[in-house]
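>>> next input, structure requested:
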Amino acid sequence: MLNGSSEVFCLKTDFSKENTGDSGKNAFGRTSVLNISASAKEGKTYLKELGFTAPFKVMTPFEQENGGMKIMMLMASAGIMEGDVQEISICTERGASLECTSQSFEKIHKMGDGYAVRNIRLTVGAGSFLDYSPMPVIPFADSAFKASTDIVLEDDSSSLIWQEIMACGRAARGERFSYRFYHSGIRIWQQEKLLYREKCRFNPPETMMEGIGLFEGYSHMASLLLFHMGISDELLTRFREYVEGLPYVCGGVTRTASGDVAVRIFSNQAWEVEAVCSTLKDWAKQDRIEYFATGRVKGTKSYRSLLI
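Have a look, this model is predicted:
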């Protein structure tokens, strides 16, 4: 399943074996591919490989003051349609620092009997950093969507931020949990060891989405994962106090079995959960710098020169 080397560590994926959607239901359904590979040289990140098919596009990368790079993924279309299949693969090689976002809210349009699919593969090499934080997803009434995310971390110095924000639908139009289903699964590996696994299966026609244990009256949910970011117990406490002190959100911060951090936030406005996630990510990035610079992680001496 996993292949790597001392210089390049990328997940080899056969997307043909993944979910492919029911494209036969829609003659306009298409398979779209986005492949990004980032590397580093002399303390600066650059795009080693970039390839995409319509409607994917990538805006000219933004160089950051710390030598890292930020890219914005674009979709030259109205949104996700029935039968669409998206395959996204992003790899950061040794020493690279890459932040990925999108240009606007993701719209999943009304569908017939079929559904749309997105398969994501993220690979984070030794001493590198990847922040995958796309804009929120809005599932329209009668839409159906399946998402699968697999993430591979090469070792303890492979740092990851992963964010997903989901809306209940077009609430201003009276569409609260009016979609057919939204299924999202994520797995995080370090080499062959599974560190984290989660599956969300939202089926509004069969489930009380507003009830206890689900959205509980809120309209937006944010999931934030921080792996190998060197988050101390002191910072974890700060996270919890911050989230618990906000009157407009409800959420929790958890230390996982691997020692990493998972955050879940609920609110009634997209900007509110985005703002909370942004604050937590900024704090985590600063703690990561101190974490590696002081050698608090096993074997980090060889990675100090790779810090961005």
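
>>> going by C-alpha atoms from here, please, whenever you check contacts or count neighbours.
Noted.

>>> let me see the mean pLDDT of the longest helix belonging to the chain.
Counting residues, the longest helix found in the chain (DSSP state H) is helix 270-293. The average pLDDT within helix 270-293 is 90.

>>> could you dump that helix to CSV, C-alpha only?
The C-alpha coordinates for helix 270-293 follow below in CSV (Å, rounded to 0.1, in the frame of the first residue of the first chain):
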residue,chain,number,x,y,z
ALA,A,270,-19.7,29.6,8.8
TRP,A,271,-17.4,32.5,9.7
GLU,A,272,-17.6,31.7,13.4
VAL,A,273,-16.3,28.1,13.0
GLU,A,274,-13.7,29.4,10.5
ALA,A,275,-12.5,32.0,12.9
VAL,A,276,-12.1,29.5,15.7
CYS,A,277,-10.2,27.0,13.5
SER,A,278,-8.0,29.8,12.2
THR,A,279,-7.0,30.8,15.8
LEU,A,280,-6.3,27.3,16.9
LYS,A,281,-4.2,26.7,13.7
ASP,A,282,-2.2,29.8,14.3
TRP,A,283,-1.4,28.8,17.8
ALA,A,284,-0.5,25.2,16.7
LYS,A,285,1.9,26.5,14.0
GLN,A,286,3.8,28.6,16.5
ASP,A,287,4.0,25.6,18.9
ARG,A,288,5.3,23.4,16.1
ILE,A,289,8.2,25.7,15.5
GLU,A,290,9.2,25.7,19.2
TYR,A,291,8.6,21.9,19.3
PHE,A,292,11.1,21.1,16.6
ALA,A,293,13.6,23.9,17.4
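
>>> so which residue is dead centre in the protein?
The structure's the chain has its C-alpha centroid closest to W162; by Cα atoms, centre = their mean the separation is 3.7 Å.

>>> check which helix or strand covers it.
strand 159-167 (DSSP states H and E).

>>> for A78, what are its contacts?
When contacts are counted by Cα atoms under 8 Å, 6 or more residues apart in numbering, A78 touches K107.

>>> what segments of this structure are helices?
With helices called from DSSP H, the chain shows them at 233-244, 270-293.

>>> which of these sits closest to C91?
helix 270-293 (19.2 Å; Cα to Cα).

>>> low-scoring stretches of the stretch 101-250 of the chain, by residue?
Judged by pLDDT under 70, the stretch 101-250 of the chain has no weakly predicted residues.

>>> ranges for the strands of it?
Assigned by DSSP state E, counting those that start in this stretch, the stretch 101-250 of the chain shows strands spanning 106-108, 116-124, 129-132, 137-139, 144-153, 159-167, 181-190, 193-202, 220-227, 250-255.

>>> mind putting those into JSON lines with distance to M72?
Compiled in JSON lines, these are given as follows (distance: least, Cα to Cα, whole Å):
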{"stretch": "strand 106-108", "distance to M72": "13"}
{"stretch": "strand 116-124", "distance to M72": "16"}
{"stretch": "strand 129-132", "distance to M72": "10"}
{"stretch": "strand 137-139", "distance to M72": "16"}
{"stretch": "strand 144-153", "distance to M72": "19"}
{"stretch": "strand 159-167", "distance to M72": "15"}
{"stretch": "strand 181-190", "distance to M72": "22"}
{"stretch": "strand 193-202", "distance to M72": "26"}
{"stretch": "strand 220-227", "distance to M72": "19"}
{"stretch": "strand 250-255", "distance to M72": "28"}
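
>>> and of those strands, who's closest to E82?
strand 116-124 (5.2 Å).

>>> next one: the closest one to chain centre, how far?
Chain-centre distance of strand 116-124: 9 Å, with Cα atoms, centre = their mean, to the nearest Å.

>>> angle of that strand against strand 181-190?
Orientation of strand 116-124 against strand 181-190 (axes from the mean of the first three to the mean of the last three Cα atoms, to 10 degrees) gives an angle of 20 degrees.

>>> buried ones in strand 116-124?
Within strand 116-124, the residues scored as buried using 16 or more other Cα atoms under 10 Å are A116, V117, R118, N119, I120, R121, L122, T123, V124.

>>> Serialize these to TSV and add fields for distance to E49.
Shown next, in TSV, are those (distance: Cα to Cα, whole Å):
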residue	distance to E49
A116	27
V117	24
R118	21
N119	19
I120	17
R121	15
L122	14
T123	14
V124	15
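
>>> for those residues, which one is nearest S232?
Nearest to S232 out of those is V124 (Cα to Cα; 21.4 Å).
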